[in-house]
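Asker: Fold the following, please.
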Amino acid sequence: MKLAEQLSLWSRAIGRGVFPHQMAWMLDLPGRGAIMSAKTVADRLPLKPNARVLEVGPGSGYYSVRVAQRIPDGELTLLDIQQAMLDKSADKLRAAGLSNFATQQSDGQSLPFEDQTFDAIFLVTVFGEIDARDAFLDEAVRVLKTDGVLSITEHHPDPDFEPADTVEACVAAHGLTPVQRLGWRWAYTVNAVKGAE
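Answerer: Model prediction:
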């Protein structure tokens, strides 16, 4: 790989925007769990064992395994704009002995699912990367079941970090009701519920 390509990848990895799949190894570095562990994210999701869950932007699958383990009778669907990230996540899930998952390549502007498909949708350090945020939130509301939960987790040092107040205002503007803010200012989860239409 040429130096210019390497510099471009590093710039994208530490800058704003979609994280490059070529740098996915960074997402599994030791110490990441000290900031926001997979157990913490999974425990913050109100899930029944048979829940249908959508993870938007799974990256390397760092959080996916723990969530899939929480829903042994359900299914985790991974959605990412990069097929290479989906492949990495699927490999990690299979290596953990899990098969209750599916992958779907797409952006968040038009989710390729039927209305009221999911009990929960979650994103970890992804919300700030979404350019068409209004379109994504409209789609999230559409594919969530009534009383379904949109769970958005943000933490530093993510360059796309969004403050909790901003996230709560965005989801509320799309008809979701923020019901929980867990964690602290620089590493938090907002859970918002879809009410009856």
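
Asker: Let me know the secondary structure of the residue nearest the centre of the chain.
Answerer: Geometric centre of the chain, nearest residue: residue 123, 2.1 Å, by CA atoms, centre = their mean. Secondary structure, DSSP: H, G, I helix; E, B strand; the rest coil: residue 123 is strand.

Asker: separation between it and residue 99?
Answerer: 23 Å (CB to CB, to the nearest Å). In short, each C-beta sits where N, CA and C put it, glycine included.

Asker: pLDDT score assigned to the nearest residue to residue 196 once chain neighbours are set aside?
Answerer: Residue nearest to residue 196 in three dimensions, not counting chain neighbours: residue 146, with 5.3 Å by CB to CB, 6 or more residues apart in numbering. pLDDT for residue 146: 97.

Asker: Check for me that residue 146 belongs to a strand.
Answerer: Yes - Residue 146: assigned to a strand according to three-state DSSP.

Asker: C-alpha coordinates for stretch 184-197, CSV please?
Answerer: C-alpha atoms of stretch 184-197 as CSV (Å, rounded to 0.1, in the frame of the first residue of the first chain):
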residue,chain,number,x,y,z
TRP,A,184,-22.1,9.7,32.2
ARG,A,185,-21.4,12.7,30.1
TRP,A,186,-18.6,11.3,27.9
ALA,A,187,-19.8,7.6,27.7
TYR,A,188,-23.6,7.2,27.8
THR,A,189,-26.6,5.3,26.4
VAL,A,190,-29.9,6.9,25.5
ASN,A,191,-32.9,4.6,25.2
ALA,A,192,-35.9,5.9,23.4
VAL,A,193,-39.3,4.2,23.0
LYS,A,194,-41.7,4.2,20.0
GLY,A,195,-45.2,4.8,21.2
ALA,A,196,-48.5,3.7,19.5
GLU,A,197,-49.2,5.4,16.2
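
Asker: before we move on, back to that, for the residue nearest to the centre of the chain, give me its contacts.
Answerer: 55-57, 151-153 (CB atoms under 8 Å, 6 or more residues apart in numbering).

Asker: wait, which of those is closest to residue 193?
Answerer: Set against residue 193, the nearest of the contacts of residue 123 by CB to CB is residue 151 (10.1 Å).

Asker: helices or strands next to the host helix or strand of the closest one in the packing?
Answerer: Using DSSP states H and E, residue 151 falls within strand 144-155. Under the contact definition 3 or more CB pairs under 8 Å, 6 or more residues apart in numbering; DSSP states H and E, strand 144-155 sits against strand 118-124, helix 164-172, strand 176-184, strand 187-194.

Asker: Pick the most deeply packed of those.
Answerer: Burial of those is given as mean neighbour count (mean count of other CB atoms under 10 Å); strand 118-124 ranks first at a mean of 25.

Asker: tell me the mean pLDDT for that strand?
Answerer: Here strand 118-124 scores 97 as its mean pLDDT.

Asker: what pairs with that strand, and is each one parallel or antiparallel?
Answerer: Note on strand 118-124: by DSSP bridges, its sheet partners are strand 52-56 (parallel), strand 144-155 (parallel).

Asker: For the shortest one, give me every contacting residue.
Answerer: Looking back up the chat, that one is strand 52-56. Against strand 52-56 from outside (CB under 8 Å, 6+ apart): 45, 47, 63-64, 67, 71, 74-80, 108, 111, 113, 117-123, 126, 136, 143.
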